[in-house]
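**Student:** Provide a 3D model corresponding to the input given below.
(one chain, ligands or ions: 1)
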Amino acid sequence: MSDILDQLATVLEQRRHADPEASYVASLHHKGLNKILEKLGEEATETLLAAKDAAQGDEPERQAVVAETADLWFHSLVMLSHLGIDHQAVLDELARRFGISGLDEKAARPSE
Ligand SMILES: N=c1c2ncn([C@@H]3O[C@H](COP(=O)(O)OP(=O)(O)OP(=O)(O)O)[C@@H](O)[C@H]3O)c2ncn1[C@@H]1O[C@H](COP(=O)(O)O)[C@@H](O)[C@H]1O
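**Tutor:** Sure thing, here's the model as predicted:
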């Protein structure tokens, strides 16, 4: 899975200083963080609406969830790139958490 993420992250990095007229990613960087976050919020909402439809739908509705989730992941990568955060850090964090039950992790948190 991380092959395509690595390739995409490389392209996104190249687009940071590309011509906004010629590249969607460059146009997002050019518009700035608020625009990127606005798109991210939109894609999150579209993903959850698609998921609600898919729960009572058929194959087309399931495919819509895949497409919306791809939009959401893509815009998350653009956000990370804009902030200069390597997407590998997110993969490393997931790897660090791998095998640690969320229930156990929460129970081990210091009480506030
Ligand atoms: N994976 C993607 C990708 N996924 C989604 N999108 C774009 O994300 C945009 C958001 O979808 P919307 O339906 O919300 O778009 P919209 O309604 O036109 O947006 P608004 O006008 O409402 O702001 C669309 O223009 C999609 O084409 C993507 N654009 C680019 N990529 C990748 O990024 C690379 C670089 O793209 P460019 O920078 O455009 O060369 C591409 O080669 C692809 O690999």
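**Student:** could I get the CA-only coordinates of the helix or strand of the chain with the lowest mean pLDDT as PDB?
**Tutor:** None of the helices or strands of the chain scores lower by mean pLDDT, DSSP states H and E than helix 102-107, at a mean of 89. This file holds the C-alpha atoms of helix 102-107, laid out as PDB (Å, rounded to 0.1, in the frame of the first residue of the first chain):
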ATOM      1  CA  GLY A 102      -7.100   0.700  21.800                       C
ATOM      2  CA  LEU A 103      -8.800  -0.400  25.000                       C
ATOM      3  CA  ASP A 104      -5.500  -1.300  26.700                       C
ATOM      4  CA  GLU A 105      -3.800   1.900  25.500                       C
ATOM      5  CA  LYS A 106      -6.700   4.000  26.900                       C
ATOM      6  CA  ALA A 107      -6.700   2.200  30.200                       C
END
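**Student:** distance between it and the chain's centre?
**Tutor:** 24 Å (C-alpha atoms, centre = their mean, to the nearest Å).
**Student:** which ones are touching Glu13?
**Tutor:** Glu13 makes contact with Ser81, according to C-beta atoms under 8 Å, 6 or more residues apart in numbering. All C-beta spots, glycine's among them, are computed from the backbone N, C-alpha and C.
**Student:** now the helix or strand containing it: average pLDDT?
**Tutor:** According to DSSP states H and E, Glu13 maps onto helix 2-15. Mean pLDDT, helix 2-15: 93.
**Student:** with stretch 42-49 instead?
**Tutor:** The average of the pLDDT scores along stretch 42-49 is 98.
**Student:** stretch 64-81 now?
**Tutor:** Mean predicted confidence for stretch 64-81 is 98.
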